[in-house]
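In: Pasting a predicted model and its sequence here:
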Amino acid sequence: MFLELLAVIFAGFAGAGAMLLLTRVTRLPKWLIPVGAGAAMLAATISSEYSWYGRMADNLPEGLTVAQSVTSSAPWRPWTYVVPMTDRFVAVETGRLRPNMETPQTFLTKLYFFGRWKPVTIVDIMIDCDAGRRADPALGDDSPPVWRDVGADDPIVQTVCEAA
């Protein structure tokens, strides 16, 4: 976050510098200098927001696979209505799938929930590839998990079953 703040500040200086040169060379008004700084800062911020998902997904360690991404639009970011921004995604730990010995098409793995400006959340999950369902282990108190029928086309079930 600190590095992104520095990048925006430097973009502001670069935009102001570019407009300063333009006002010296041409007959443009000097009030365009702060406008150029603000436009450069806004462009740097938008670029950083849109490139977050690509940077995070490309730098995932081996064994983590993106299962699903979520895009959003917001009134305070009107450009996201034209091109929605990916602000969170789910990755599955496909490199360390643990099959159940009693039912071979049931796997235990971890889900990693990534969100822009949020800490990563890790959740254990069980996937039944034959039935197309998944379950979160219940409370860690050895109680039985609650299974949810989500179908074989669910992105998380699909990612785990393809990796198995």
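Out: Arrived safely. Numbers count the residues shown, from 1 in each chain.
In: contacts, neighbours, all on C-alpha from now
Out: Noted.
In: how about the residue of the chain positioned farthest from its centre, phi and psi?
Out: No residue in the chain sits farther from the centre than residue 27, which is 44.6 Å out by CA atoms, centre = their mean. The phi and psi values for residue 27, taken as degrees, to the nearest 10, are phi -100, psi 30.
In: Any figure for the gap between it and residue 20?
Out: Counting by CA to CA, to the nearest Å, the separation of residue 27 from residue 20 is 11 Å.
In: elements contacting the host helix or strand of residue 65?
Out: Using DSSP states H and E, residue 65 sits in strand 64-72. Under the contact definition 3 or more CA pairs under 8 Å, 6 or more residues apart in numbering; DSSP states H and E, strand 64-72 sits against strand 85-93, helix 155-163.
In: swap the cut-off to 10 Å and go again
Out: If contacts are counted by 3 or more CA pairs under 10 Å, 6 or more residues apart in numbering; DSSP states H and E, strand 64-72 sits against helix 32-58, strand 85-93, strand 106-115, helix 155-163.
In: List the contacts of the last one.
Out: Outside helix 155-163, the residues within contact range by CA atoms under 10 Å, 6 or more residues apart in numbering are 63, 65-69, 90-97, 105-109, 111, 125-130, 132-134, 150-153, 164.
In: Counting neighbours, which of those end up buried?
Out: 65-67, 69, 90-94, 97, 106-109, 111, 125-129, 132-134, 151-152, 164 (16 or more other CA atoms under 10 Å).
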